[in-house]
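# just need the structure, nothing else, for what follows:
(2 chains)
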Protein chains: 2
Amino acid sequence: MGLHMPLSPYQQLELEFRRLHAFRGAAGVLRWDAAVMMPRGSAETRGEQLAALETECHALLTSPRISRLLERAEANAQGLEAWELANLREMRRERDHAIATPQSLVSRLAKATARAEVRWIEARQQSSFALFAPHLEEVVELLRSKAMLLGKALGLDPYDALIDEFSPGLTRAHIDPVFATLGQRLPSLIHEAIEHQAHTAPLPIGGRFAPDKQRQLAVELMEAMGFPFDRGRLDESEHPFTGGAPGDIRITTRFSPTDLLSGLMGVLHETGHAMYDLGLPEAWRGQPVGQDRGMALQESQSLLLEMIIGRNRPFLRYLKPLLAKIFGVSGPEWEVENLYRLLTRVRRSLIRVDADEVTYPVHILLRYDLEQDIFAGKLKVADLPEAWNAWMADRLGVRPRNDAEGCLQDVHWAVGSFGYFPTYAIGAVIAGQLYEKLRADRPELDEEIAAGYFAGLFDWLREHVHRLGASVGMHELIERATGRTLSAGAWLRYIEGKYLGE
Amino acid sequence: MGLHMPLSPYQQLELEFRRLHAFRGAAGVLRWDAAVMMPRGSAETRGEQLAALETECHALLTSPRISRLLERAEANAQGLEAWELANLREMRRERDHAIATPQSLVSRLAKATARAEVRWIEARQQSSFALFAPHLEEVVELLRSKAMLLGKALGLDPYDALIDEFSPGLTRAHIDPVFATLGQRLPSLIHEAIEHQAHTAPLPIGGRFAPDKQRQLAVELMEAMGFPFDRGRLDESEHPFTGGAPGDIRITTRFSPTDLLSGLMGVLHETGHAMYDLGLPEAWRGQPVGQDRGMALQESQSLLLEMIIGRNRPFLRYLKPLLAKIFGVSGPEWEVENLYRLLTRVRRSLIRVDADEVTYPVHILLRYDLEQDIFAGKLKVADLPEAWNAWMADRLGVRPRNDAEGCLQDVHWAVGSFGYFPTYAIGAVIAGQLYEKLRADRPELDEEIAAGYFAGLFDWLREHVHRLGASVGMHELIERATGRTLSAGAWLRYIEGKYLGE
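Okay, the predicted model is just below:
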């Protein structure tokens, strides 16, 4: 492009989306600040800042100028490179999502979920679903309107349109067969795994672990994995998350003085997300094509690191001397085999976020079933607690004693995230599928990890997942990386090998 | 207003300025984060976020819609309350400032100052003005264009237009007589003060002071003064500042383990700024009328707390037991009288930020003289070092040995802040004027402060300064608060009493 040539419609779009990216990055850092640094009393001020940024992003995406530029760029796409065509497709996608729902509905939903979240916190504290029910009803009602408009615009069934917001390209047509397989196999698999572990109870880990030393361990692990502390941070917050902005990735975790392993696993989980973000192509930064390919793939990266790599013997062989160095610990409970048993213990339990790797998908199947029934009006909001408790008793064999350990345990529905839960279990399944191929491609993986050499792992992931950004669809990405379409097979083989095979 | 009545032009303006306020608050928190939390390598990403926000603010202020609404609101102002009229006037002021300079010039200046700042850092490290000179020339050139356009739009002389950006209503016509008085009296006053202190050298404070304990002291002081830690924070950064956003005030300071008093004075200084921001009327928050009345008044609040209150015996009587409690210190060097001598020592020195209260204005007179000469083209940039050194030798009796302790010591010119320096000394003068009236109104002030009771002080300041926001001009505010127009008299009486009188 000559210095004074007018910008093409496509180039003008790139500039507009770069501006959008800057606003989103600003919002990302402000959200991180709200969770980690902000004084409590400043929440309202922060809410106004974030609302102004979100309104601006929506206005930018839905402006007539963007529509015109998209039409002109699409009509003159012949000169564009492949990644630019993909970028144009993703721009169109973002615009179509944004324009499908009017600002007034977005704003009503934002207010309703803000109220519902506050009431959900109270309701959970008092373990009283009745406090929360009317707010959930309001949120569901508004979500139905949104899903209908979104589905119409995207040519999708309404519930699929909600899933599509979190994980583009994922629909019930993909999820249902995978979940059917899991639903058939898991009950017996859980039974067998528990039997298999019956005579190998791990020794518990006692004592207290200073948070600053837990932090030191986390930093050492993250550095070994290639996390760039000159372009990212690690902090503490009530709920772990990965936030900030591309080029400024901020991980948080929670260090409990009495539970060393949970803080550590939280760090691995978030590092998995961060490495995905860090592996996205720098040349596409600021453009839609340079983003990750949705929450299911995001979750595949975090679960691969936390569940498959982190809760396995090679990693624990690497970890053991680090624990000895930093905490001065030794003895039978700190042996690799005992740590492995602690981290792979299968239990029928009530709380999703504390569940082990094997029972975890069951918690998701429950939510996936119930949220569809509520959304479709087949299940009344008032009947949710009993439906939840009956489902758990029937399918996992444990029954919540109250709503706090039942249908009030997660924030997702309060904040309107219907269609989000399935991405967790699909993420686990993708992780299993990637791992099977990774092991085949890289037989030396176990030795590398035991030696604290993680570059082999991340090189493979960067090559087959990260560097693609959003240039291909999720299904194409999975097929290219693994040679197969999405299915539960590889994950089940991995779980059977790990939990029944030895 | 009825629920469905259309909004008046004035009401629509309020909504637009509230949005502007939200963007500025977001930028304020992001700037704080950049100085306190952000990893070094994320500077470019942050730069793009801040540029996008600034561009948006400029676009909002200069939009035809705002111009139309202002004209309509001004034509129908009869129903507005007094504070709304003041708000409308401030809205007009902001719009006229913004629209006077085209975005292209703003953007060129932003890039030139970003480059100049980087080169200034290098030049200062190497103490080589030649490295910096061409960049300063470029900045001055662009500033002249900006000042000309701004001055034309505002009906002000160009240099006055630059001052007006920092301290609305302040011009050379106000500054010159004040600085003339200071310039006449200070040389002999400094000489007398040094003579007066000749036989009372303070005992030095030795030892090391753990930053976490310095922090504890700072928090205790700030709480005593009413700083609300549920809506603000105290952190550390390389250069102390007060930032964040209204409703989320963030102070920073620097705790040197070997210099307890400088960190403490930094905290007092920034707390003075913060208390001004916190005292602005909540009902006007988000509107131009709800902002502070410019940098000279801001500086009056910080200097009143740091120099007049903090470096005086009543405060030190309150401080002494706190120091003993927190640091376990005692002995003759920790007596009130010795601390007082340490904090009021007059010295002819080279570095502005380390200067004592009496010599400080001389450093400002120097910069005020030279920046006008450079701006007017009377002094060539290349001749600045020699002009600086000669001025210092002639007027303060000390001569810099190199450019780092001469004309390269401040960042202000590199970042284009011509017209800013005078606000420091005018701030000191206003502080002296406010203090004289405050003492007359509140004879019990010294006893209150010695008892750690600061509410009397801040009630007076809130009543006479803070709560007015930008509803009146700076000069009217000073006259209402003190019964007199701006002049150096009160400050000189205060200095003479403190430094010559005992």
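# export stretch A:264-279 as CSV, just CAs?
What follows is stretch A:264-279 as a C-alpha-only set of coordinates in CSV (Å, rounded to 0.1, in the frame of the first residue of the first chain):
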residue,chain,number,x,y,z
LEU,A,264,-1.5,-25.5,42.6
MET,A,265,-4.1,-27.1,40.4
GLY,A,266,-5.8,-23.8,40.0
VAL,A,267,-2.5,-22.3,38.8
LEU,A,268,-2.1,-25.1,36.2
HIS,A,269,-5.6,-24.6,35.0
GLU,A,270,-5.3,-20.9,34.5
THR,A,271,-1.8,-21.3,33.0
GLY,A,272,-3.4,-23.6,30.4
HIS,A,273,-5.8,-20.7,29.4
ALA,A,274,-2.9,-18.2,29.4
MET,A,275,-0.7,-20.3,27.2
TYR,A,276,-3.5,-20.5,24.6
ASP,A,277,-3.9,-16.7,24.7
LEU,A,278,-0.1,-16.2,24.5
GLY,A,279,0.2,-18.6,21.6
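# average pLDDT for it?
For stretch A:264-279, mean pLDDT is 97.
# that stretch: how far from the chain's middle?
Between the centre of stretch A:264-279 and the centre of its chain there are 10 Å (Cα atoms, centre = their mean, to the nearest Å).
# can you tell if that stretch touches chain B?
No: using Cβ under 8 Å from any Cβ of the partner chain, stretch A:264-279 never reaches chain B; the gap is at least 11.5 Å. Quick note: C-beta positions are derived from backbone N, CA and C, even for glycine.
# contacts for that stretch next, please.
A:214, A:217-218, A:221-222, A:225-228, A:231-232, A:234, A:240-242, A:246, A:249, A:251-254, A:292, A:297-298, A:301-306, A:309-311, A:343, A:458, A:461-462, A:465-467 (Cβ atoms under 8 Å, 6 or more residues apart in numbering or on different chains).
# restricted to buried residues, select those residues in ChimeraX.
In ChimeraX, a selection of the buried entries from the contacts of stretch A:264-279 looks like this (16 or more other Cβ atoms under 10 Å in any protein chain shown):
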select /A:214,217,218,221,222,225,226,227,231,232,234,240,241,242,246,249,251,252,253,254,292,297,298,301,302,303,304,305,306,309,310,311,343,458,461,462,465,466
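# can you tell me which of the contacts of stretch A:264-279 are in strands?
Among the contacts of stretch A:264-279, DSSP state E puts A:232, A:234, A:242, A:249, A:251, A:252, A:253 in strands.
# which of these are close to chain B?
Near chain B, by the rule Cβ under 8 Å from any Cβ, you find residue A:232 out of the ones in strands among the contacts of stretch A:264-279.
# how about the ones in strands among the contacts of stretch A:264-279 in CSV, adding distance to residue B:149 and pLDDT?
Converted to CSV, the ones in strands among the contacts of stretch A:264-279 look like this (distance: Cβ to Cβ, whole Å; pLDDT from 0 to 100):
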residue, distance to residue B:149, pLDDT
A:232, 42, 97
A:234, 47, 97
A:242, 46, 96
A:249, 41, 97
A:251, 46, 96
A:252, 46, 95
A:253, 52, 93
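# how about the ones in strands among the contacts of stretch A:264-279 in TSV, adding distance to residue A:52?
Output for the ones in strands among the contacts of stretch A:264-279, formatted as TSV (distance: Cβ to Cβ, whole Å):
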residue	distance to residue A:52
A:232	26
A:234	29
A:242	24
A:249	24
A:251	27
A:252	24
A:253	30
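# which one of the ones in strands among the contacts of stretch A:264-279 is nearest chain B?
residue A:232 (6.0 Å; Cβ to the nearest Cβ).
# you'd agree the closest one is up against residue A:248?
Yes: taking contacts as Cβ atoms under 8 Å, residue A:232 lies within contact range of residue A:248: 6.8 Å.
# where along the stretch 301-450 of chain A do the strands fall?
In the stretch 301-450 of chain A, no segments count as strands under DSSP state E, counting those that start in this stretch.
# do you have the helices of it handy? List them.
A:313-327, A:336-343, A:360-375, A:384-395, A:421-441, A:445-450 (DSSP state H, counting those that start in this stretch).
# among those helices, show me which one is buried the most.
helix A:421-441 (a mean of 23; mean count of other Cβ atoms under 10 Å in any protein chain shown).
# can you show me the CA trace of that one as PDB?
Extracted as PDB, the C-alpha positions of helix A:421-441 are listed here (Å, rounded to 0.1, in the frame of the first residue of the first chain):
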ATOM      1  CA  PHE A 421     -21.900 -25.500  31.000                       C
ATOM      2  CA  PRO A 422     -21.600 -27.900  28.000                       C
ATOM      3  CA  THR A 423     -18.300 -26.200  27.000                       C
ATOM      4  CA  TYR A 424     -16.600 -27.600  30.200                       C
ATOM      5  CA  ALA A 425     -17.300 -31.300  29.400                       C
ATOM      6  CA  ILE A 426     -16.700 -30.800  25.600                       C
ATOM      7  CA  GLY A 427     -13.500 -29.100  26.600                       C
ATOM      8  CA  ALA A 428     -12.400 -32.200  28.600                       C
ATOM      9  CA  VAL A 429     -13.300 -34.500  25.700                       C
ATOM     10  CA  ILE A 430     -11.300 -32.300  23.200                       C
ATOM     11  CA  ALA A 431      -8.400 -32.400  25.700                       C
ATOM     12  CA  GLY A 432      -8.500 -36.200  25.700                       C
ATOM     13  CA  GLN A 433      -8.600 -36.300  21.900                       C
ATOM     14  CA  LEU A 434      -5.700 -33.900  21.600                       C
ATOM     15  CA  TYR A 435      -3.700 -35.800  24.200                       C
ATOM     16  CA  GLU A 436      -4.100 -39.100  22.400                       C
ATOM     17  CA  LYS A 437      -2.600 -37.600  19.200                       C
ATOM     18  CA  LEU A 438       0.000 -35.700  21.100                       C
ATOM     19  CA  ARG A 439       1.300 -38.900  22.700                       C
ATOM     20  CA  ALA A 440       1.400 -40.600  19.400                       C
ATOM     21  CA  ASP A 441       3.300 -37.700  17.800                       C
END
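# that older thread, now the common contact residues for residue A:232 and residue A:248.
Shared contacts of residue A:232 and residue A:248 (Cβ under 8 Å, 6+ apart): B:39, B:42.
# got any ranges where chain A has weak pLDDT?
Applying pLDDT under 70 to chain A flags the ranges A:1-4, A:502.
# tell me the domain boundaries of it?
Per the record, chain A has its domains at A:1-100, A:211-341+A:443-468, by automatic domain parsing.
# point out the most buried one among those.
domain A:211-341+A:443-468 (a mean of 19).
# tell me who's in contact with residue A:412.
Here residue A:412 is in contact with A:367, A:418, A:420, A:421 (Cβ under 8 Å, 6+ apart).
# could I get the residues you listed as JSON lines with distance to residue A:173?
Below are those laid out as JSON lines (distance: Cβ to Cβ, whole Å):
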{"residue": "A:367", "distance to residue A:173": "19"}
{"residue": "A:418", "distance to residue A:173": "18"}
{"residue": "A:420", "distance to residue A:173": "18"}
{"residue": "A:421", "distance to residue A:173": "17"}
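# export these to CSV and tack on distance to chain B?
Output for those, formatted as CSV (distance: Cβ to the nearest Cβ, whole Å):
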residue, distance to chain B
A:367, 34
A:418, 29
A:420, 26
A:421, 31
